[in-house]
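K.L.:
Have a look; sequence and predicted model below, questions after that.
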Amino acid sequence: MTQKIDVFAHVLLPKFYEEMLSIEPKLPDLFPFIQHPHLTHLEKRRLAWDGKTRQIISYVNVNPEDYLEPQRAALLCQAANNELTETVRTNDDMFAAGVAMIPMNNPEAAVQILEQTAKSDELAGVQLFTRALGKSIADPAFHVIFETCARLDLPIWLHPIFDGRKPDNNIIFSWEYELTQAMLQIVQAGLYQKYPDLKIIVHHAGAMVPFFGERIYYILPEAQVADFHKFYVDTAILGNPKALELTIDYFGAEHVLFGTDAPLGIAPSGATQVIAEAIEELPLSKTDKQAIFSANIERMIGKRLL
């Protein structure tokens, strides 16, 4: 049986969640998906776990900098990362690693957390979102984050959020647009040119990019076209072998990582089985499938996880 590492699974750990609820009690109404019990209650999550797929866990998009001034945001991010570290350490059969959060309104503290993360045995990288503080993640204000990640060889997990300027955000299509737009902004900001060692993992199979590869090819300059192929992507599109085949054709099997968005997507505990079955259906070699299921992420972070 093929062993698997799920690179994009989510949590909302209880101490961090309790603190965020004390700051904004309306969070469950603002983001209904965070009410999924397996995000917070690990005992329930374990009961639904398949017993073999190890997960790399990151927090759902409840971000301290949206609610707190810079110093308090930094302290809460650090506490959340400590809780994440301890959770991975005490559940290492189920969790392979964690992904740190940083305060985007406190660049100095963010860099310090990134430096700590690079030395951690439990944390594998950092999660960024498509927008922060009302700005594109590719805004010059955030370039220090990309520079630091490149310098530390620290992978970035890129997750979508809604654009607050839009009146018609929806969970079906909006996040895919936001991911695609952020990828374009990262490329057009020249971040891969400035920091060629960047490793960015894009959620939801690279969103719209594989389907519009020819538009990218014919419209953008050659160097930017090449930069689009430098992204890594996960497989979190709830199955869909044909779409995954197109994703692999565009990015290459060496840039595709097994990721499911667990425990979200398909009740009760996510789409792990559906996505694994979709990958197994693809006309790929056994070596390529193993690369997607685990070898690519192990190579990326330089560490055996199975």
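P.N.:
Okay, I see it.
K.L.:
Name the residues of the least confident helix or strand in the chain by mean pLDDT that are buried.
P.N.:
Taking mean pLDDT, DSSP states H and E as the measure, the chain has helix 27-30 as its least confident helix or strand, at a mean of 94. Of the residues in helix 27-30, residue 27 count as buried by neighbour count, 16 or more other C-beta atoms under 10 Å. All C-beta atoms are positioned from the backbone trio N, CA, C, and that covers glycine.
K.L.:
List the contacts of that helix.
P.N.:
Helix 27-30 is contacted by residues 20, 21, 24, 34, 35, 62 when judged by C-beta atoms under 8 Å, 6 or more residues apart in numbering.
K.L.:
give me the element residue 182 is part of.
P.N.:
For residue 182, the element it lies in under DSSP states H and E is helix 174-188.
K.L.:
Tell me which helix or strand comes right after that helix.
P.N.:
helix 191-194.
K.L.:
And that following helix, what does it pack against?
P.N.:
Contacts defined by 3 or more C-beta pairs under 8 Å, 6 or more residues apart in numbering; DSSP states H and E place helix 191-194 against helix 143-152, helix 222-228.
K.L.:
Can you tell me which of those is packed in deepest?
P.N.:
Highest mean neighbour count among the helices and strands packed on helix 191-194 (mean count of other C-beta atoms under 10 Å): helix 143-152, with a mean of 18.
K.L.:
the inter-axis angle of that helix versus helix 174-188?
P.N.:
Orientation check (axes from the mean of the first three to the mean of the last three C-alpha atoms, to 10 degrees): helix 143-152 against helix 174-188 gives 70 degrees.
K.L.:
just to revisit the earlier point, contacting residues around the helix or strand just after the least confident helix or strand of the chain?
P.N.:
As assigned by DSSP H and E, the chain's next helix or strand after helix 27-30 is helix 37-40. Residues outside helix 37-40 that contact it (C-beta under 8 Å, 6+ apart) are 10-14, 17, 44-45, 48, 60, 262-263, 268-270.
K.L.:
List the residues that contact residue 211.
P.N.:
By C-beta under 8 Å, 6+ apart, residue 211 lies in contact with residue 246.
K.L.:
Surely it forms part of a helix?
P.N.:
Yes - residue state for residue 211 (DSSP: H, G, I helix; E, B strand; the rest coil) corresponds to a helix.
K.L.:
From the centre of the protein, point out the most distant residue.
P.N.:
Seen from the C-alpha centroid of the chain, the residue lying at the greatest distance (C-alpha atoms, centre = their mean) is residue 218, 28.8 Å away.
K.L.:
where does that one fall, phi/psi-wise?
P.N.:
Reported as degrees, to the nearest 10, the phi and psi values for residue 218 are phi -90, psi -20.
K.L.:
hang on, the earlier thing: save the helices and strands packed on helix 191-194 as TSV, and put in distance to residue 239 and mean pLDDT too.
P.N.:
As requested, the helices and strands packed on helix 191-194 are exported to TSV (distance: least, C-beta to C-beta, whole Å; pLDDT from 0 to 100):
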stretch	distance to residue 239	mean pLDDT
helix 143-152	31	98
helix 222-228	24	98
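K.L.:
okay if I get the ones you listed as TSV plus distance to residue 121?
P.N.:
Shown next, in TSV, are those (distance: least, C-beta to C-beta, whole Å):
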stretch	distance to residue 121
helix 143-152	15
helix 222-228	32
